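S.K.: Could you work out the structure for the sequence below:
(one chain, ligands or ions: 1)
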Amino acid sequence: MTIKPLIILPDPLLREVSKPIETVDAELLKLADDMLETMYDAPGIGLAAIQIGVARRLLVIDVAREDEPKAPMVFINPEIVRSSDERSVYEEGCLSIPDYYAEVERPAAVTVKHIGRDGKEHLVEADGLLATCLQHEIDHLNGVLFIDYISRLKREMVIRKFTKASKGKAV
Ligand code: NI
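M.R.: Below you'll find the model as predicted:
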């Protein structure tokens, strides 16, 4: 497994819409393993393929607590098929927007259809942190970031800060 470099705001790749995956093969599973390795190293609880520059509809998530064993999950072509009317608020962050956190309100529970690493279709009913994480990561596949849900003023401040930082970096 390989740790991949993360794509950081304001990289325009983060606004790309990822393409559906046609076949679950060894190459795809290797990509999922690399993403898990990259996510654990960061550390984070979720990662979309576009965050390592691959525009394919693939996510990895692990919402296990630190005192629990690892529980890696792989979602291929995930799709929200049901959202609850009830909503919840979580303080979110993103590995592509390091050290920035903001409260985001989303549906409290979602049902997600996806292909698993076994190549078969599955349904997951999620609530709590997993529901929030799934929605955040599926947003990435559509070029949407959690800062899109905060006020325009705050969003512009964050983008400006990261744009300045990226210009200051040696390439
Ligand atoms: Ni993110």
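
S.K.: what helix or strand does the residue sitting nearest the centre point of the chain sit in?
M.R.: For the chain, the residue lying nearest the average C-alpha position, counting by CA atoms, centre = their mean, turns out to be residue 137 (2.8 Å). Residue 137 belongs to helix 128-141 when assigned by DSSP states H and E.

S.K.: next one: whatever helix or strand comes next after that helix to chain centre, how far?
M.R.: Sequence-wise, the next helix or strand downstream of helix 128-141 (DSSP H and E) is helix 152-168. Computed by CA atoms, centre = their mean, to the nearest Å, the chain-centroid distance of helix 152-168 equals 20 Å.

S.K.: Just the buried residues of stretch 115-133, please?
M.R.: By 16 or more other CB atoms under 10 Å, the buried positions in stretch 115-133 come out as 115, 117, 124, 126, 130-133. Placement of C-beta: from N, CA and C, glycine included.

S.K.: Can you tell me what sits against that stretch?
M.R.: Residues outside stretch 115-133 that contact it (CB atoms under 8 Å, 6 or more residues apart in numbering) are 21, 24, 29, 32, 45-46, 61, 63, 74-77, 81, 84, 88, 90, 92, 104, 106-114, 134.

S.K.: I'm done for today, thanks for sticking with me.
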